[in-house]
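Undergrad: Sharing a model prediction with you, sequence too.
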Amino acid sequence: MKYARWIFFGVSFGYNFALGIYLKDFFLLSTTLQVFYLLSFLTTFFLLVEIKSKAMRTVIFVLLALIFCINFAYAVYCRRVFPFLAMISLAIVIIYFSAFADGTRKDNLLTKIYVLTLLALISVLLFSAYFFVYKQDDVSITNGQATLWDTKTEKLADEICDDCDSDEEKVKSIYSWIIHNFEYEYECEPVVQYFNVRKTLSTQKGICYDFAHLFAALCRSQDIPCYVVDGTKYDNANYHHTWNRVYFEGAWWNTDVTFDTIQTRKRGQLYGLRSLGNNAFVEDAEYIITRIY
């Protein structure tokens, strides 16, 4: 096809442009998401030039494979859907080079410079993506791994904490706001759990995973360290639960907003906030902790 390259470029560029518009409120606050989006978007620009040599196309395929791997790792490790959306752009580029690009002639100098510059930039982004997934020093304040929030979420947190003068007051205001405004979704049985802040806030329903990450998102957006904790019951390995550990006033505190959301509806005894001292990683009395993040 004479115009295949331009058709594929148009489709890939349009797809990434639409994806960027949809996620723009997240990009403003999440460096992690910016990096993964650029990895998706920049691969489109390989389609702008006619790459003739087999060696250059092989290098591009290797780079695309690395991008695919880091996206897949990010999606699985951090339970994020976005990397799978980004893989669609990669697939468009791979299909073009597999089905339509041919020839074994040499690339001209400008093409080589263009492609090598693009390869170098994407390589830097790949290293950054690896850093954001696995090497962050303090995930308790991270935006972009399993817990992800946007500008609207941050504005909401500002409103909830408007009259607060300390981190303790902010945490208690966020805690109280969640347990009084949300309902546990008993009929929800997700095959894959991932946190969607827009869905959780719009439906005002969710399961423990949703509420724990919402609590973490609101706290972290106020620069308050907060971990999400996954665990299973000591006497029932099939019973999974997610809760939080939050830091204020020089100590870490255990809290279970899901349990207290249910108890608020039943007018039962609340779990509240229970001090853990200065260690966020102590064992739990009820659950075997499988992950703190």
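TA: Done, it's in. Computed from a prediction, not measured in an experiment: that's the story for all the values here.
Undergrad: quick one, strands of the protein?
TA: Per DSSP state E, the chain carries strands over the ranges 183-184, 205-206, 226-233, 236-248, 251-255, 273-277, 287-292.
Undergrad: partners of the first one, with directions?
TA: Within its sheet, strand 183-184 is paired with strand 205-206 (parallel), according to DSSP bridges.
Undergrad: looking at it, L85 is touching A18, isn't it?
TA: No. Counting by Cβ atoms under 8 Å, no contact exists between L85 and A18, whose distance comes to 10.3 Å. Placement of C-beta: from N, CA and C, glycine included.
Undergrad: which stretches of the chain have low pLDDT?
TA: Along the chain, the parts satisfying pLDDT under 70 run over 1.
Undergrad: how's it carved up into domains?
TA: Using automatic domain parsing, the domain ranges for the chain come out as 4-135, 141-292.
Undergrad: would you turn those into a markdown table with mean neighbour count?
TA: Formatted as a markdown table, the entries for the domains of the chain read as follows, by neighbours: other Cβ atoms under 10 Å:
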| stretch | mean neighbour count |
| --- | --- |
| domain 4-135 | 17 |
| domain 141-292 | 17 |
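Undergrad: residue contacts, the nearest residue to N278 once chain neighbours are set aside?
TA: Distances taken as Cβ to Cβ, 6 or more residues apart in numbering put A251 closest to N278, at 6.1 Å, once the chain neighbours are dropped. Counting by Cβ atoms under 8 Å, 6 or more residues apart in numbering, A251 touches S275, L276, G277, N278.
Undergrad: Return the member of those residues nearest to S123.
TA: Taking Cβ to Cβ as the measure, S123 lies nearest N278 of those, at 40.6 Å.
Undergrad: What separation is there between that closest one and A18?
TA: When Cβ to Cβ, to the nearest Å is the yardstick, N278 and A18 sit 47 Å from each other.
Undergrad: hmm, back to that, which one among the contacts of A251 gets closest to T117?
TA: N278 (48.7 Å).
Undergrad: In this structure that closest one contacts G250, no?
TA: Yes. Shown here, N278 and G250 form a contact pair, counting by Cβ under 8 Å, at 7.3 Å.
Undergrad: got the CA coordinates for stretch 226-237 in CSV?
TA: Only the C-alpha atoms of stretch 226-237 are listed here, as CSV (Å, rounded to 0.1, in the frame of the first residue of the first chain):
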residue,chain,number,x,y,z
CYS,A,226,-0.1,6.7,53.6
TYR,A,227,0.4,3.0,52.8
VAL,A,228,-2.1,0.6,51.4
VAL,A,229,-1.9,-2.9,53.0
ASP,A,230,-3.1,-6.2,51.5
GLY,A,231,-3.6,-9.2,53.7
THR,A,232,-5.4,-12.5,54.3
LYS,A,233,-7.0,-13.8,57.5
TYR,A,234,-4.8,-16.0,59.7
ASP,A,235,-7.5,-18.6,59.9
ASN,A,236,-8.8,-18.2,56.3
ALA,A,237,-6.3,-17.8,53.4
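Undergrad: got a list of what S173 touches?
TA: By Cβ under 8 Å, 6+ apart, the residues touching S173 are I160, C161, D163, C164.
Undergrad: farthest-separated two in those residues?
TA: Every pair of those checked by Cβ to Cβ; the farthest is I160 and D163, at 9.4 Å.
Undergrad: Grab the nearest non-local neighbour of Q204.
TA: That would be F182: by Cβ to Cβ, 6+ apart, it lies 5.1 Å from Q204.
Undergrad: which residues touch that neighbour?
TA: By Cβ under 8 Å, 6+ apart, the contact set of F182 is T200, Q204, K205, G206, F211, T261.
Undergrad: Now do F68 against S89, distance only.
TA: Between F68 and S89 the computed distance is 11 Å (Cβ to Cβ).
Undergrad: Can you pick out the most distant pair from the contacts of A251?
TA: With distances taken as Cβ to Cβ, the most widely separated pair in the contacts of A251 is S275 and N278, at 9.7 Å.
Undergrad: Pull up the overlap in contacts between these two.
TA: A251, W252.
Undergrad: which outside residues touch stretch 118-126?
TA: Applying Cβ under 8 Å, 6+ apart, the set of residues contacting stretch 118-126 from outside is 35, 38-39, 42-43, 45-46, 59-60, 63, 66-67, 70.
Undergrad: and with 6 Å instead?
TA: Contacts of stretch 118-126 from elsewhere in the structure, counted by Cβ atoms under 6 Å, 6 or more residues apart in numbering, are V35, L38, L39, L42, F45, L66.
Undergrad: Among the residues you listed, which ones are in helices?
TA: Among those, the subset assigned to helices under DSSP state H consists of V35, L38, L39, L42, L66.
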